[in-house]
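S.K.: how would this look folded up:
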Amino acid sequence: FRTSIQALEETLAIMEIEAFDRAANLIYGARQRDFYGVGGSAQIARDVAHKFLRIGVRSSVYDDSHMMLMSAALLGSDDVAVGFSHSGNTVAVIEAIQLARRNGARTIAITNYNASPLAQHADVVLCSTAQGSPLMGENAAARIAQLNILDAIFVAVAQRDYKAAERGLAKTMSAVASKRKDKFL
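M.R.: Numbers count the residues shown, from 1 in each chain. Reported below is the predicted structural model:
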């Protein structure tokens, strides 16, 4: 718990508000939002894509290197590609971000290392910071911090058009209401 708390506090302390706002604006204004990640980073991408879908902001998540490249090949200037990689060294994610950027898409990196290869190829970099523990490593604490960064991005995007977010949330909640047992409570 303390490692996660420390990671959250340190991440908040290094958060560049201008980069945060720019990322939220890019995601909000994009025609297409494609998220790239492998392993645990893909899980973070899926989590935020799920949240965005709930409010009607559509995005796609790719965790296969071929699919990432095919997605990146189809992106253009109205689109955004977001690369998730704790180390910032994941070749599949870096290659997809590079291709998306060459095709005119705006790019965002979510990483623990501001000087990583992934960060070097992104228009906007959002960094977590985590020291970790011998058993869990730094990736576990960074995942908590990155989930919080993306939760905050989600809220910022929703606030760009709160009424549309509310309408999307009402529609998606209604769509799955029959799948919940608590509807009878």
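S.K.: quick one, what contacts Asp182?
M.R.: With contact set as Cβ atoms under 8 Å, 6 or more residues apart in numbering, Asp182 has no partners. The C-beta positions use only the backbone N, C-alpha and C, and glycine is treated the same way.
S.K.: what residue ranges in this structure score low on pLDDT?
M.R.: Judged by pLDDT under 70, the chain has its weakly predicted residues at 131-139, 183-185.
S.K.: one more time with 90
M.R.: Regions of the chain meeting the criterion pLDDT under 90 cover residues 1-11, 13-14, 129-143, 179-185.
S.K.: where exactly do the strands run in it?
M.R.: 33-36, 60-62, 80-84, 106-111, 124-127 (DSSP state E).
S.K.: I'd like these as JSON lines, with distance to Met70 and mean neighbour count appended.
M.R.: Formatted as JSON lines, the entries for the strands of the chain read as follows, by distance: least, Cβ to Cβ, whole Å; neighbours: other Cβ atoms under 10 Å:
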{"stretch": "strand 33-36", "distance to Met70": "10", "mean neighbour count": "28"}
{"stretch": "strand 60-62", "distance to Met70": "8", "mean neighbour count": "20"}
{"stretch": "strand 80-84", "distance to Met70": "12", "mean neighbour count": "30"}
{"stretch": "strand 106-111", "distance to Met70": "17", "mean neighbour count": "27"}
{"stretch": "strand 124-127", "distance to Met70": "23", "mean neighbour count": "24"}
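S.K.: export these as TSV, with columns for distance to Ala92.
M.R.: Rendered in TSV, the data for the strands of the chain read as follows (distance: least, Cβ to Cβ, whole Å):
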stretch	distance to Ala92
strand 33-36	7
strand 60-62	9
strand 80-84	9
strand 106-111	14
strand 124-127	18
